[in-house]
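Chemist: When you get a sec, could you give me coordinates for this:
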Amino acid sequence: MDYDDRISSWLEAAATLIRDIDVRSVASAAEGLIRVRNANGTMFLAGNGGSASTANHLALDLQKAGISPAGVRPKVISLSENIGLITAWSNDESFDVVFEKQLEALAEEGDSLLVISVSGSSPNLVRAVSKARDIGMTTVGFLGKDGGVCRDLLDHPIILPSWDYGWVESGHVVLHHILTNIFHESEH
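Modeler: Here you go, the predicted model:
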């Protein structure tokens, strides 16, 4: 079977999605997150499935590669990483609260929450964003499709308007590396 044409088509679809990212939305979100970092706030990340892995990877990159030239280190916690805590809350209460309950315990006014989701409508992420707003946190979303429920709840929604979860997840990783570079290059 000859995959050349299919691969070319897939690569063009991915490139088109990435080219269509709203640069101003990304810049605005980055500025908000840099303000949180500069105020010594903590950045919390959350996602489900592949997006949980992206949240964990972004936390790693921001802590390691996101150190500014002046040595400013971002404080970053992925709420998707502690499988024991996630399964405890899921088992004892509901999967819908796994991120919200962690924010209740850890987050403070002036911190930030970045959610990563293809649908933008996962109940646990919607609840986390609502809790973050109640606390007084800056909220950002890497979203797909039409942004889902989170679109209108977030301070800074960044939407990759595709229904193909693979391309959206790939675009979210591109955004993750852009954000890491911005953190690394930001003087303050």
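Chemist: which residues sit in contact with residue 78?
Modeler: 44, 45, 46, 52, 55, 56, 58, 59 (Cβ atoms under 8 Å, 6 or more residues apart in numbering). For the C-beta atoms, the positions are set from N, CA and C on the backbone; glycine is no exception.
Chemist: Check what pLDDT the last one gets.
Modeler: Put plainly, it is residue 59. Note on residue 59: pLDDT of 98.
Chemist: For it, which non-adjacent residue is closest in space?
Modeler: Using Cβ to Cβ, 6 or more residues apart in numbering and skipping residues adjacent in sequence, the residue nearest residue 59 is residue 78, 4.0 Å away.
Chemist: One more: residue 145?
Modeler: According to Cβ to Cβ, 6+ apart, the nearest residue to residue 145 is residue 163 (5.5 Å).
Chemist: That neighbour - how many residues pack around it?
Modeler: Residue 163 is flanked by 11 other residues according to other Cβ atoms under 10 Å.
Chemist: Give me the distance between the residue lying closest to residue 136 once chain neighbours are set aside and residue 42.
Modeler: Nearest residue to residue 136, sequence neighbours excluded (Cβ to Cβ, 6+ apart): residue 109, at 3.6 Å. According to Cβ to Cβ, to the nearest Å, residue 109 and residue 42 sit 11 Å apart.
Chemist: Between these two, which is the more surrounded one?
Modeler: residue 42 (18 against 9).
Chemist: how much space between that one and residue 86?
Modeler: 19 Å.
Chemist: One more: residue 133?
Modeler: With Cβ to Cβ as the criterion, residue 133 and residue 86 are 22 Å apart.
Chemist: So those two - more neighbours on which side?
Modeler: With neighbours defined as other Cβ under 10 Å, residue 133 and residue 86 compare such that residue 86 has more, 19 against 15.
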